[in-house]
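J.: What follows is a predicted protein model with its sequence.
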Amino acid sequence: MKLTEVDRRLLALHYVYPVPFNKMAELLKMDPDLRNLFNFGTDNLGRLLQIPKQKAARLNEQLQQHEQTPFTLLYHRENIIPIPITNLAYPKPLKWLVDPPTVLYVKGDPTILNASLKIAIIGSRKATDYSKRALSFIVPPLVDRGAVIVSGLAKGADTMAHESAIHFGGKTIAVLGHGLFHLYPYENRGLAEKLAEHHLLLTEYPPYMRPARWTFPMRNRIISGLSESVIITESEEKSGTMSTVDHALEHGKAIYAVPGPITSSLSLGPNKLIEQGAKPIWNGFQALENTSFL
């Protein structure tokens, strides 16, 4: 992937100011090619980014320190591919978000992003064998049609979604809530290494950023944004899974939920969604019936 000069300057800005694009859009409106990025000065940075003067001064200082940093070379050494929003390779569906990622940092096979159909499968970190068995009915038809399975690499349902995609011969994308130097959770490092070799790891955070409580809800909008539809296996009524569902509803995505036994607390989430209008699902063909892919 070829990076332009504006791409490289945006990488420098994002390294020291890792925020969604809507928070720096005014700066690029003023200077679309970022030719003056290292000469804006504290006052202009503070005004364009709408940040306090003290923060703008610190940001300006950091920019000066990294003016000559060869970010593309450093990322290449770590097999990390940066995709700035200014680059043609950036996924178009993410540009439609209110707060699109400024840069995507990917590791693995970036051509997977070009798949015409991506379907998110998410659920509880406490997901049981019921989710695993449900996915054995849902995932095979999806991967047979070339659908890429998108999830978040968390324990439980996310892990099952990635592993099911691999087991049934499909491709999968893991959207992370942290930088690529800090893979989380620890139990999934082996899975992450496998994805980095044959599938795709994707994050909006520079490699040095550690996981934090607020980064995972932010990640959920990317899972939804990349996917044409979202499937929920097991989930509590109030959980991070429902955060992704909220994003999907805002984005106009189709929502599918696996019906569950009324005796299980992990069925409250999907059963409630079905009551509210989500489509019940028990095989993958149902998720294919209403896709533009067909």
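T.: That came through, no problem. Residues are numbered from 1 along each chain as shown.
J.: Please count neighbours and contacts with C-alpha atoms only from this point.
T.: Noted.
J.: In contact with I232, which residues?
T.: 121-123, 241, 255-258, 270 (C-alpha atoms under 8 Å, 6 or more residues apart in numbering).
J.: can you tell me which of these are in strands?
T.: Counting by DSSP state E, the contacts of I232 place 121-122, 255-257 in strands.
J.: Return the members of those residues classed as buried.
T.: Among the ones in strands among the contacts of I232, those buried by neighbour count (16 or more other C-alpha atoms under 10 Å) are 121-122, 255-257.
J.: Let's have those residues in a markdown table, adding pLDDT and distance to R58.
T.: Listed next are these as a markdown table, based on pLDDT from 0 to 100; distance: C-alpha to C-alpha, whole Å:
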| residue | pLDDT | distance to R58 |
| --- | --- | --- |
| I121 | 97 | 41 |
| I122 | 96 | 39 |
| I255 | 95 | 43 |
| Y256 | 96 | 46 |
| A257 | 96 | 47 |
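J.: can you redo the residues you listed as JSON lines with distance to K2?
T.: Below are these laid out as JSON lines (distance: C-alpha to C-alpha, whole Å):
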{"residue": "I121", "distance to K2": "32"}
{"residue": "I122", "distance to K2": "33"}
{"residue": "I255", "distance to K2": "36"}
{"residue": "Y256", "distance to K2": "38"}
{"residue": "A257", "distance to K2": "40"}
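J.: Show me which of the residues you listed is closest to E187.
T.: I122 (17.9 Å; C-alpha to C-alpha).
J.: Let me see the contact set for the closest one.
T.: 151-152, 157-158, 161, 230-233, 241.
J.: List just the nearest of those to I281.
T.: I231 (8.2 Å).
J.: For this protein, just list every one of the strands.
T.: Using DSSP E, strands in the chain cover 81-84, 103-108, 118-122, 148-151, 171-175, 200-203, 229-232, 254-257, 279-280.
J.: what's the most buried one of those strands?
T.: Burial of these is given as mean neighbour count (mean count of other C-alpha atoms under 10 Å); strand 118-122 ranks first at a mean of 29.
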